[in-house]
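Visitor: The amino acid sequence is not available; the structure is as follows:
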């Protein structure tokens, strides 16, 4: 059985105030072309179809178009679950009516946990759809007061599923969670993944999934496997944060054989516009060819530049962010207290070094002292004058 | 062909800050029982399924339950359109995937205007689903700059539909608009119907629909026909405003015969709680039997009552509003200017008359004068005393 595993579409997402809808449509069209060409038996979307509970209507239309094409035009069934960004009830709407046409959308957790079953020449494959849910929801659905953490919640659900697992069939689990090989180590997060909960209770141990022939995960934006090749994140379809700059985005093709062994191939999707860092001085940057990419510019100029974004956008019209290269020197760590004890000259030396990244020359220091003396003299004269005025009035 | 015509469910509606979800579920369960018993060929919901573009999740779940039951359990097809309260794109989601299972949901207008066709023993019946749309949307879809008003928009759409009408078939139009027999007369609106637009451009002439064998309308909350028996509002399923107090809520059963003639029967739905006015003095009201109805209380007491709502809710726990009977007298119309010219006694007389609804007696006036004189004397003494204190300090 050939399975396309994708996740974290985040339709309706804004990156630095820019809607990604056009970029999302662009890669999803490639995805649809791949489906048409490769004819998988089933397509999995492992959560975070939308970026928020109430997505903009453009996102709703895009998802509608994409699912309609895959399910009705290409006649490939889709198995999708709600992620932490989706609204369980809104995503669940119409799911019963749609499932007969091949769209299996699990928004809300129910205690039945009925698998969706497909067959290939070797027999049935059971797909277990577990939508994202807070521990409190799991506690509620299974009336189990012991469920406190995401690990408890996942253990509860998996134990329920395992207890009625048909040993003759092959099994695929679809989930949306922060799965780690250790259960409590912090890793692999990126800026665009909202933490599931505060205080380390959000991790789920990969060990829980060892009975499934494949576990199709969503939530973490970098494609990778956890503990075993068969427990895997597909990653997001696009870079949604500069911290994802070096990810290779796409989806996984999973071939499930007769014995339940999987062979996995990673397929890349080419974005309409890349999201990446550009490091250059302004004069260098202005010689670059015009490019539509979403760039985060780090300027290497030693001196400040007026209206830098305006200049950058003449070359990179979709530039998202600009900053000057951080020059870390001893002076930066000077606290307010130590600064308050510095002489004028010491303050200048420290400031100069911080901004220019090198010590002021003796000549520069001489000019500074001259100017300061001049200013101070002016100030004293003004003060005397002001005093005189007060007296004479 | 037997058609159940309903409209204006407004799921997610708040009346005076109270969610109607439970009441809506109650009448919709009756509706479902009627469907089960009467086995219509098709159910029409003529817009405003939800009360707003982004309804609360409870409303989404209720609609999901109701449609799932009618379409999947009872296997009766549903034809629904977006009203002005619905979000076109959100309601449209999944519609193509659902239509093969009998749910035909038209959220967004498209220029194809393809009818949904059902058959009975006499041949085909074409249902033309026209979702609510602003004139600007119609202008856009048909690239017709002439479309300015709702009348223009409806004329444009109906002309398009009429131009490809199969003369052999019978035709039902489903629409959501303010249809009048005159095209521009203001009538039949209730407080809970948000106006479609400002300035009289919202009316649609009933004449436009004369070619259809039946026109199933939504928007106006009172069940009634317009111009002809066959152009009809089903009305809302519940009273959503005290201005709808005397409406009889329900739906229409439409029997369409071989020749396209219709026979209409109005069916009522019994609300869980009625919405009505109670007029009584507080002491009378407190003798009423306890009642769950949503009541708007008009107190007939002549004197003000402390914490009236608290008292009323001991009898009517779901009371929504309380007011004292409005006593309109000459005095109310006294402007600020005329009042500023009144003497203390005149002001009192006017106030007394306004509050009590009758003139003060001479005895009352005498008491008033005595008290005022006493107060004024006190005030003068205090003033003198205060002056003295200032001098001695």
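Guide: It's in. This one's a predicted model, so the numbers in the text were calculated from it and none came from an experiment. Numbering: from 1, shown residues only, chains lettered A, B, ... in the order given.
Visitor: Where does the residue in the stretch 251-393 of chain A positioned nearest to chain B sit, in terms of helix or strand?
Guide: Proximity of the stretch 251-393 of chain A to chain B (C-beta to the nearest C-beta) peaks at residue A:251, 21.7 Å away. The C-beta positions use only the backbone N, C-alpha and C, and glycine is treated the same way. Per DSSP states H and E, residue A:251 falls inside strand A:250-256.
Visitor: Name the residues that touch the helix or strand that comes right after that strand?
Guide: Using DSSP H and E, the helix or strand that follows strand A:250-256 in sequence is strand A:262-268. Here strand A:262-268 makes contact (C-beta atoms under 8 Å, 6 or more residues apart in numbering or on different chains) with A:34, A:213-214, A:223, A:225, A:229-230, A:232, A:248-257.
Visitor: ok so, going back, give me the contact list for the strand holding residue A:251.
Guide: Contacts of strand A:250-256 (C-beta under 8 Å, 6+ apart): A:1-6, A:31, A:38, A:40, A:120, A:125, A:170, A:172, A:213-214, A:216, A:223, A:232, A:234-235, A:237, A:262-269.
Visitor: the inter-axis angle of that strand versus strand A:262-268?
Guide: Between strand A:250-256 and strand A:262-268, the angle comes out at 160 degrees (axes from the mean of the first three to the mean of the last three C-alpha atoms, to 10 degrees).
Visitor: strand partners of strand A:250-256, parallel vs antiparallel please.
Guide: strand A:2-6 (antiparallel), strand A:262-268 (antiparallel) (DSSP bridges).
Visitor: tell me the secondary structure for residue A:374?
Guide: helix (DSSP: H, G, I helix; E, B strand; the rest coil).
Visitor: mind listing the helices for the stretch 101-250 of chain A?
Guide: Ranges of helices within the stretch 101-250 of chain A are A:135-141, A:150-163, based on DSSP state H, counting those that start in this stretch.
Visitor: Pipe the strands paired with strand A:250-256 into JSON lines and attach mean neighbour count per row.
Guide: Shown next, in JSON lines, are those (neighbours: other C-beta atoms under 10 Å in any protein chain shown):
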{"stretch": "strand A:2-6", "mean neighbour count": "23"}
{"stretch": "strand A:262-268", "mean neighbour count": "14"}
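Visitor: In CSV, list these along with mean pLDDT and distance to residue A:342.
Guide: Shown next, in CSV, are those (pLDDT from 0 to 100; distance: least, C-beta to C-beta, whole Å):
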stretch, mean pLDDT, distance to residue A:342
strand A:2-6, 97, 57
strand A:262-268, 95, 54
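Visitor: now the ones you listed as JSON lines including distance to residue B:79?
Guide: Shown next, in JSON lines, are the strands paired with strand A:250-256 (distance: least, C-beta to C-beta, whole Å):
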{"stretch": "strand A:2-6", "distance to residue B:79": "34"}
{"stretch": "strand A:262-268", "distance to residue B:79": "41"}
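Visitor: Kindly state which of those is positioned closest to residue B:352.
Guide: strand A:2-6 (77.5 Å; C-beta to C-beta).
Visitor: what residues does the closest one touch?
Guide: A:31, A:34-35, A:38-46, A:172, A:214, A:216, A:232, A:234, A:237, A:251-256.
Visitor: after it, next one along is what?
Guide: Assigned by DSSP H and E, the successor of strand A:2-6 is strand A:14-15.
Visitor: partners of that next one in the sheet?
Guide: strand A:18-19 (antiparallel).
Visitor: and the strand it pairs with, how far out from the chain's middle?
Guide: 14 Å (C-alpha atoms, centre = their mean, to the nearest Å).
Visitor: try stretch A:19-36
Guide: 18 Å.
Visitor: check contacts around residue A:8.
Guide: A:46-48, A:83, A:218-219, A:221, A:234-237.
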